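Trainee: next comes the sequence, and after it the predicted model I'd like to discuss.
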Amino acid sequence: MEIIVALNRCTDRTEEIALKHSAKVVREDSRNLARIRNAAAKVATGEIIVTIDADSRMTDNMLTEIDRLLRTGTFIGGE
């Protein structure tokens, strides 16, 4: 698993915190959310990409549940 943080005109300590936790950091100053997410997705090396906004929280089993649902063949993605 890898963590990629897309910095978008950040003025806080986001970059410092991301680097401290060994995340890849990508800068994209666009005001277009798709461009911002795609900039991060371009450097991803995995087969599955999960995006989450900075003001959202993941549940403890969110990644496991996403993996389980994708393996059923019923789902290809979602929001």
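Mentor: That came through fine. Numbers count the residues shown, from 1 in each chain.
Trainee: ok, which stretches of this protein are strands?
Mentor: 4-7, 24-27 (DSSP state E).
Trainee: so which of those is nearest Thr64?
Mentor: Closest of the strands of the chain to Thr64 is strand 4-7, at 19.7 Å (criterion: Cβ to Cβ). For every residue, glycine as well, the C-beta is placed using N, CA and C.
Trainee: below-threshold pLDDT in the chain: ranges please.
Mentor: Residue ranges of the chain with pLDDT under 70: 78-79.
Trainee: quick one: contacts for the residue most central in space within the chain?
Mentor: Geometric centre of the chain, nearest residue: Thr51, 3.7 Å, by Cα atoms, centre = their mean. Residues in contact with Thr51 (Cβ atoms under 8 Å, 6 or more residues apart in numbering) are Arg37, Ala40, Ala41.
Trainee: wait, the second one sits on Ala6?
Mentor: Yes: when contacts are counted by Cβ atoms under 8 Å, Ala40 is listed as touching Ala6 (4.1 Å).
Trainee: where do the contact lists of the two overlap?
Mentor: Val26, Glu28.
Trainee: between the two, which one's more packed in?
Mentor: Using other Cβ atoms under 10 Å as the criterion, Ala40 and Ala6 rank with Ala6 on top: 24 against 20.
Trainee: bridging residues for the more buried one?
Mentor: Under DSSP bridges, the beta-bridge partners of Ala6 are Val26.
Trainee: look up how far Ile36 lies from it.
Mentor: According to Cβ to Cβ, to the nearest Å, Ala6 and Ile36 sit 5 Å apart.
Trainee: intersection of neighbour lists for the two?
Mentor: What both Ala6 and Ile36 touch, as defined by Cβ under 8 Å, 6+ apart, is the set Glu28.
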